[in-house]
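Visitor: Got a predicted structure plus its sequence, pasted below:
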Amino acid sequence: MVAINEKPTQAQAVSFDEFCNAVAQRLNIDPNKLRPDAYWVDDVGISSVDIVKIVMLIRQKFHVKISTTQAGRIKTVENAYQLLESALNNR
């Protein structure tokens, strides 16, 4: 049995769709824009400030640590999702 306030464990994977839905809700954008190859600024149409919001969402919602250096490498939706997956696998 899992306690209600327990943080997700390493075994709990996050699907790409779950990730995209969380981002779309946080940024109030259409989740259909979030294709793996979509560039955040050019294709999705968000600002660099919004990318910071994505990093904060990943840290808070999925309870993982992401360095500023890693966050600076996010260019596409897939980059952000891979960063999340890597952080989940390395905790």
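Guide: On my side now, so go ahead.
Visitor: And the lowest-mean-pLDDT helix or strand in the chain, what's buried?
Guide: Counting by mean pLDDT, DSSP states H and E, the chain has its least confident helix or strand at helix 68-71, which shows a mean of 89. Within helix 68-71, the residues that qualify as buried are residue 71, counting by 16 or more other Cβ atoms under 10 Å. Every residue, glycine included, has its C-beta placed from N, CA and C.
Visitor: buried set for the helix or strand just after that helix?
Guide: The element immediately downstream of helix 68-71 (helix or strand, assigned by DSSP states H and E) is helix 77-89. Neighbour-count burial for helix 77-89, with 16+ other Cβ under 10 Å as criterion, is recorded at 77, 79-81, 83-85, 87-88.
Visitor: now helix 77-89, how far from the chain's geometric center?
Guide: 7 Å (Cα atoms, centre = their mean, to the nearest Å).
Visitor: Check which helices and strands that helix is in contact with.
Guide: helix 16-27, helix 48-62 (3 or more Cβ pairs under 8 Å, 6 or more residues apart in numbering; DSSP states H and E).
Visitor: ok, for the spatially most central residue of the chain, nearest residue in space, not its chain neighbours?
Guide: Centroid-nearest residue in the chain, with Cα atoms, centre = their mean: residue 58, separated by 4.6 Å. Nearest residue to residue 58 in three dimensions, chain neighbours excluded: residue 84, at 5.2 Å (Cβ to Cβ, 6 or more residues apart in numbering).
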